[in-house]
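**Student:** 3D, please:
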Amino acid sequence: MNLLYHFSPGSLSNVYVVAPEGGREALIVDPAVMDVPLLEAVERLGLYIRSILVTHETEAHLGGIRTLLRIYDAKIYAANPQVLEHEAVPVANAKQFQASGLEVVPIPLSGYWSDALIYRIGGMLFVGEIMSAGRVGETVNPFAHALLISDLREKILTLPPGTIILPTEGPPSTLTVEALTNPDLIEEASL
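**Tutor:** Next up, the predicted model:
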């Protein structure tokens with residue numbers, strides 16, 4: 001599997017392009033931007049973006065969708081059947097699905113936004129704003145925060161310890177590091 005990382009200074013967001021080893025079709029996660037450097041990198045690798053994964057519908061992390069859809073014939077996957085003004089394939093209730101030749105497992109969580117999803121592809125978790133190195137995303141109240149922490153412990157910390165966490169904001173991490181250092185997750189983590 002190949003992973004291309006692109007940082008968007010305008011939105012302070014990470015954008016990820018993933019393709020199967022030797023494959024031409026690729027998917028992009030939370031395209032905050034579709035600028036010239038990202039387009040050049042995708043083209044240089046001979047990739048064609050066929051799928052867009054949306055972790056949470058927020059303009060700051062999806063600003064590149066309109067441009068991307070003018071360049072590539074891509075299908076959008078999200079929690080809801082529409083993202084911005086575009087039709088999407090709702091995958092919140094799917095156990096797994098295929099996108100650009102990759103097996104994708106959507107993981108919905110309680111306590112965060114109702115349209116938020118984490119996507120697992122192999123040993124990588126694309127977590128959007130739900131978590132980042134050393135922090136868990138903001139919630140609307142303490143009850144929602146407790147629900148989110150409970151779901152993270154049950155659905156995420158039970159995955160293999162070396163699983164890589166790739167957020168839309170901030171540096172990457174691993175489940176091992178988060179279980180040992182994240183103040184919200186450290187109490188009951190047992191990796």
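
**Student:** quick one: the helices in this protein?
**Tutor:** 36-44, 59-62, 65-71, 142-151, 175-181 (DSSP state H).

**Student:** Any idea which of these gets closest to residue 159?
**Tutor:** Nearest to residue 159 among the helices of the chain is helix 175-181; the distance by CB to CB comes to 6.0 Å. Quick note: C-beta positions are derived from backbone N, CA and C, even for glycine.

**Student:** Check which helices and strands the closest one is in contact with.
**Tutor:** Applying 3 or more CB pairs under 8 Å, 6 or more residues apart in numbering; DSSP states H and E, one finds that helix 175-181 makes contact with no other helix or strand.

**Student:** Contacts made by stretch 58-70 with the rest, please.
**Tutor:** Outside stretch 58-70, the residues that touch it by CB atoms under 8 Å, 6 or more residues apart in numbering are 8, 11, 13, 15, 28, 30-35, 38, 49, 52, 54-55, 74, 76, 83-84, 86, 128-129, 168.

**Student:** By mean pLDDT, show me the worst of the helices of the chain.
**Tutor:** Comparing the helices of the chain by mean pLDDT, the weakest confidence falls on helix 59-62, with a mean of 82.

**Student:** residues contacting residue 138?
**Tutor:** Applying CB under 8 Å, 6+ apart to residue 138 gives no contacts.
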